[in-house]
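Student: sequence? don't have it. structure:
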């Protein structure tokens, strides 16, 4: 059977009609990447579905701009390449907004304030940063905890900085004594220690960190999602999500409650 130009055009038109509804549906999907073991911010439940504080935030923000989410399981470091390449639209995983990251990424306004902490075994003699001299410090690779630890390694005399691909592996090694201390975000540490009773946050490091939705710098939905967060703050939705996951009211002056400017490089 031979095809004329007319046959080819008709075939192309038929294919376009066939895939039309699928393409329209895909346009309504906000593709989200998340690190799967970061409770209470995001984690997978027993059925394999993502849950958590930031999951509720991104789902609600997407709903308000007429979209639904599909959340992909990605390693923490992989999130940065995935937004840059537009493999995903949004990355969540308690990602701190930093000047360095703003050189290659964009963020919505922040919605959570945090600090880092030094964690060790509950019965460890380590109490403060000064006690870390000569110690092996574990960190999540690619995190602000890693950046802080490496910046302080020489001055504080850490013997080694050991990177991990997951927070779970980091804390398991801390519990087993393969590292002397860990440096990571306080909320995630404290949540994990409700089950890992042998570990504790020994000192809080005041860093003034804030988390936002991370996206590509030129993403067309950045402004719309930022506006959705503003609306969620104004009508109390974000405060209610905070109460649900942390069991307490967000501070009145925090980025969970107050409208904030969109970060600029």
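Tutor: Nice, I can see it. Small disclaimer: the values here were computed from a predicted structure and weren't measured.
Student: Got the domain ranges for the chain?
Tutor: Following automatic domain parsing, the chain resolves into domains at 7-111+212-246, 115-209.
Student: Spatially central residue for the protein, please.
Tutor: Compute the mean C-alpha point of the chain, and by Cα atoms, centre = their mean the closest residue is residue 93, 1.4 Å away.
Student: just checking, that one touches residue 38?
Tutor: Yes - with contact defined as Cβ atoms under 8 Å, residue 93 reaches residue 38; the gap is 5.4 Å. (Each C-beta comes from the backbone N, C-alpha and C, glycine too.)
Student: and the residue nearest to the centre of the chain, what is it in contact with?
Tutor: Residues in contact with residue 93 (Cβ atoms under 8 Å, 6 or more residues apart in numbering) are 33, 34, 35, 38, 41, 42, 54, 76, 79.
Student: so what pLDDT did it get?
Tutor: Looking at residue 93, its pLDDT reads 96.
Student: same question, the one 4 residues further on
Tutor: If you check residue 97, the pLDDT there is 97.
Student: So the closest residue to residue 238 other than its chain neighbours: helix, strand or coil?
Tutor: Distance criterion Cβ to Cβ, 6 or more residues apart in numbering; nearest residue to residue 238, sequence neighbours excluded, is residue 232 at 4.5 Å. Under DSSP: H, G, I helix; E, B strand; the rest coil, residue 232 falls in the helix class.
Student: what does residue 242 give?
Tutor: Taking three-state DSSP, the label given to residue 242 is helix.
Student: residues contacting the nearest residue to it once chain neighbours are set aside?
Tutor: Closest residue to residue 242 apart from its sequence neighbours, by Cβ to Cβ, 6+ apart: residue 250 at 4.3 Å. Going by Cβ under 8 Å, 6+ apart, residue 250 touches 238, 239, 242, 243, 256, 257.
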